[in-house]
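J.: sequence unknown, structure follows:
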């Protein structure tokens, strides 16, 4: 058998510990900026928490949008309606008379006309929000007697209804009952589709920030 060439044998021989050379230039590099990395991870965590908070605020509107475009449930008269066994938001139609006293009037940006929130006649646990067309606001305005829209508990309002409860209590001087409901006239499920889109956007943004923060703190092997 012929002897193996020395160059081939040398390449197959394992390197000894003394043969491993230390890169002096690599050792001379400065240490990673821990303070800046910690600050970046903190900012990413705060943004993720804010995104999750926004997603939670949009959840009631997004769930209502999932009801689709089916017909509203005919729930009868305002005076006799009792949503004791109901939870969440529902697309319903109710008819009846609303009270003229204890009304809250407000406006929304970029929307013509104004809005009123009034109680169903003789009740303090069922309120109706409806839009007053431009030019008809005044003492002679007669509210409609039929309403179709989103029925939502005051304890779980949509994003557009936040603050209504405190506003009503300021105007009326009385506390709104814990089990009170609000019927938002004209608000169909398809009009809340924007909330489902924003919910998905904020959830994706939160996941991206969490993954990025995890990569920054992960130990490099």
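T.: The structure has been received and is ready for your questions. Just so it is clear, the model here is predicted, and its values are computed rather than measured. Numbering: from 1, shown residues only.
J.: In three-state terms, label the residue nearest to residue 155 when sequence neighbours are not counted for me.
T.: Spatial nearest neighbour of residue 155, excluding adjacent residues (CB to CB, 6 or more residues apart in numbering): residue 178 at 6.7 Å. For the C-beta atoms, the positions are set from N, CA and C on the backbone; glycine is no exception. Here residue 178 is recorded as coil under DSSP: H, G, I helix; E, B strand; the rest coil.
J.: Residue 178 reaches residue 156, doesn't it?
T.: No - Residue 178 lies out of contact with residue 156 (CB atoms under 8 Å); the separation is 11.7 Å.
J.: what's the overlap in contacts for those two?
T.: Between them, residue 178 and residue 156 share no contacting residue under CB atoms under 8 Å, 6 or more residues apart in numbering.
J.: quick revisit: kindly provide the distance from the residue nearest to residue 155 to residue 62.
T.: According to CB to CB, to the nearest Å, residue 178 and residue 62 sit 24 Å apart.
J.: Which residue of the two possesses the greater neighbour count?
T.: residue 62 (20 against 9; other CB atoms under 10 Å).
J.: Quick check: that one is in a strand.
T.: No - if the criterion is three-state DSSP, then residue 62 is helix and not within a strand.
J.: Contact partners for it?
T.: 192, 195, 196, 199 are the contacts of residue 62 under CB under 8 Å, 6+ apart.
J.: Could you check the pLDDT of the last one?
T.: Per-residue confidence for residue 199 comes out at a pLDDT of 92.
J.: Out of the contacts of residue 62, name the ones that lie in strands.
T.: Per DSSP state E, strands hold no members of those.
J.: By neighbour count, which of the residues you listed wins?
T.: Counting neighbours by other CB under 10 Å, residue 192 leads those with 23 neighbours.
J.: Tell me if I'm right that that one and residue 65 touch.
T.: Yes - when contacts are counted by CB under 8 Å, residue 192 is listed as touching residue 65 (3.9 Å).
J.: Centroid-nearest residue for this structure?
T.: Central residue of the chain (CA atoms, centre = their mean): residue 58, 2.1 Å from the mean position.
J.: Does that one fall in a helix, a strand, or a coil region?
T.: helix.
J.: I'd say it and residue 201 touch.
T.: No - applying CB under 8 Å as the test, residue 58 and residue 201 come out as separate, 9.5 Å apart.
J.: if we can go back for a sec, identify, from the contacts of residue 62, the entry nearest to residue 73.
T.: residue 192 (16.6 Å; CB to CB).
J.: ok now do the closest one, which residues does it touch?
T.: 61, 62, 64, 65, 150, 158.
J.: And those residues, which of them are buried?
T.: 61, 62, 64, 65, 150, 158 (16 or more other CB atoms under 10 Å).
J.: For residue 57, see how far away the last one is.
T.: Read that as residue 158. Distance from residue 158 to residue 57, by CB to CB: 9 Å.
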